[in-house]
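Undergrad: Curious how this folds, go ahead:
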Amino acid sequence: MVTIFLAIIKLFFIIFLGFYLYRRKVLKEEALSFITTFVINISIPSLVFSNIITHFQPDKLPSPLIFIGLSIGIFLLGFILGVFFSFKIPQSIRREFITLTSFQNCGYLPMNIAVFLLSSPLRETFLTYIFLYILGFNILMWSIGTFLIFKRKEETFKMTSMFTPPILSTIISLGIVYLGLKEAIPSIILSPLKAIGETSFVLSMIILGAWLAKSRAKTYLYSLSVWRVAIVKLVLLPAVMFTIIIRNNLFSLIGMFIILESSMPSAASLPIVVSLRGGDSKFISCGVFLTHILGVVTVPFWIELFLRISNLKI
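TA: Below you'll find the model as predicted:
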């Protein structure tokens, strides 16, 4: 557990850097907006494309549909638990409560944990799992899922909301692989894309720290509602998934991937998503902040528990 704990602590040093720079106003809102846009629209798509083209082998890795199914399954479990435990939650923040339990930090944090924790080639395989998972997750968080939770009367769903740059990059790279055209992509293109993509690891943690610094709703920390979010998100949800893993003997890299995604804190970008939907972004920010702080302890616990039972060598 010490190794896993240290790996996550290293990540939180980078997160704290972003937190500190934003609070000290060294990293200003305009710069944060630019970095966020760069990561979402350029570096993450570059990382996805270069990694899938280089490492994804359809005959050796599970079908992308499995990971899309996992993203839907973990979302639905979080959603159901959120609805069930939202009793006695004030009506004004009930949708926000469900949102916090439904969406986890499925990309930034797992990517960096994989880099710090896993050795090659497991690292590259695990990153591919994450990118395939993000394909389904992003559609849910930025489109269908939050639309259903925050749907207003007479509001219609827009198909264009499903096609973000990371999703398009995943679809295009998978198409190239399945059509047998990946050998036609020259290294003069892949190498720069890989270099640009690798900036995602540090920049995403700095962004996460800055987003956490934007939370000023300190009074919410004393609310039972936000602590209930933490219990559902960091304890109950991974416990249910862990039980499913044991019953199905998923003691493999896939099993570790499932427990890692299930134990993640609430998605760091939820304050932006909820703000766009007209929700209470202050409560969301506080939930994101608390689950990330407590995740320093809970995430290593679940990973270590899985590794001890599975005897998986990483």
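Undergrad: Could you report the separation of Glu304 from Ser262?
TA: 15 Å (C-beta to C-beta, to the nearest Å). C-beta here means a position set from N, CA and C on the backbone, and glycine is covered the same way.
Undergrad: Apologies, that question was intended for Leu203.
TA: Leu203 is 26 Å from Ser262, by C-beta to C-beta.
Undergrad: what do you get for Val240?
TA: Counting by C-beta to C-beta, the gap from Val240 to Ser262 is 8 Å.
Undergrad: Now the helix or strand where Ser191 lies: buried residues?
TA: Element membership for Ser191 (DSSP states H and E) is helix 187-213. For helix 187-213, burial by neighbour count (16 or more other C-beta atoms under 10 Å) applies to 190, 193-194, 196-201, 203-213.
Undergrad: And the next helix or strand after that helix, what does it pack against?
TA: Using DSSP H and E, the helix or strand that follows helix 187-213 in sequence is helix 224-231. In terms of contacts (3 or more C-beta pairs under 8 Å, 6 or more residues apart in numbering; DSSP states H and E), helix 224-231 is packed against helix 94-102, helix 281-310.
Undergrad: shaky segments in the stretch 151-300 of the chain?
TA: Low-confidence segments of the stretch 151-300 of the chain (pLDDT under 70): 151-162, 215-222, 272-273, 275-277.
Undergrad: Need the residue closest to the centroid of this protein.
TA: The residue lying closest to the centre of the chain (C-alpha atoms, centre = their mean) is Cys106, at 1.6 Å.
Undergrad: if I look at that residue, how far off is Ser71?
TA: 7 Å.
Undergrad: Name the residues contacting each of these two.
TA: Both Cys106 and Ser71 are contacted by 133-134, 137, under the criterion C-beta atoms under 8 Å, 6 or more residues apart in numbering.
Undergrad: Can you flag which of the residues you listed belong to helices?
TA: In helices, judged by DSSP state H, the following of those are found: 133-134, 137.
Undergrad: Highest neighbour count among the residues you listed?
TA: Counting neighbours by other C-beta atoms under 10 Å, Phe137 leads those with 27 neighbours.
Undergrad: Would you agree Ala268 is in contact with Leu212?
TA: Yes: if you go by C-beta atoms under 8 Å, Ala268 and Leu212 touch, sitting 7.1 Å apart.
Undergrad: got any residues that touch both of these two?
TA: Contact criterion C-beta under 8 Å, 6+ apart; residues shared by Ala268 and Leu212: 288, 292.
Undergrad: What distance do you get for the residue lying farthest from the centre of the chain to Ile53?
TA: Residue farthest from the centre of the chain, counting by C-alpha atoms, centre = their mean, is Ala184 at 31.4 Å. Separation of Ala184 from Ile53 (C-beta to C-beta) stands at 10 Å.
Undergrad: list residues touching both of Val240 and Ser262?
TA: Leu77.
Undergrad: which of these two has more neighbours?
TA: Between Val240 and Ser262, counted using other C-beta under 10 Å, Ser262 has the larger neighbour count: 24 against 16.
Undergrad: Grab the nearest non-local neighbour of the more buried one.
TA: Leaving aside its sequence neighbours, Ser262 sits nearest to Met241 (C-beta to C-beta, 6 or more residues apart in numbering; 3.9 Å).
Undergrad: Also Leu32?
TA: Counting by C-beta to C-beta, 6+ apart, Ala210 is the residue found nearest to Leu32 once chain neighbours are left out, at 5.1 Å.
Undergrad: do you know how far the one you found is from Ile15?
TA: As for Ala210, its distance to Ile15 is 9 Å (criterion: C-beta to C-beta).
Undergrad: now Phe283
TA: Distance, Phe283 to Ile15, using C-beta to C-beta: 21 Å.
Undergrad: go on, Leu132?
TA: With distances taken as C-beta to C-beta, Leu132 is found 25 Å from Ile15.
Undergrad: same deal with Ile303?
TA: Relative to Ile15, and taking C-beta to C-beta, Ile303 is found at 18 Å.
Undergrad: Angles on the backbone of Ser120, please.
TA: Ser120 adopts backbone torsions of phi -70, psi 140, taken as degrees, to the nearest 10.
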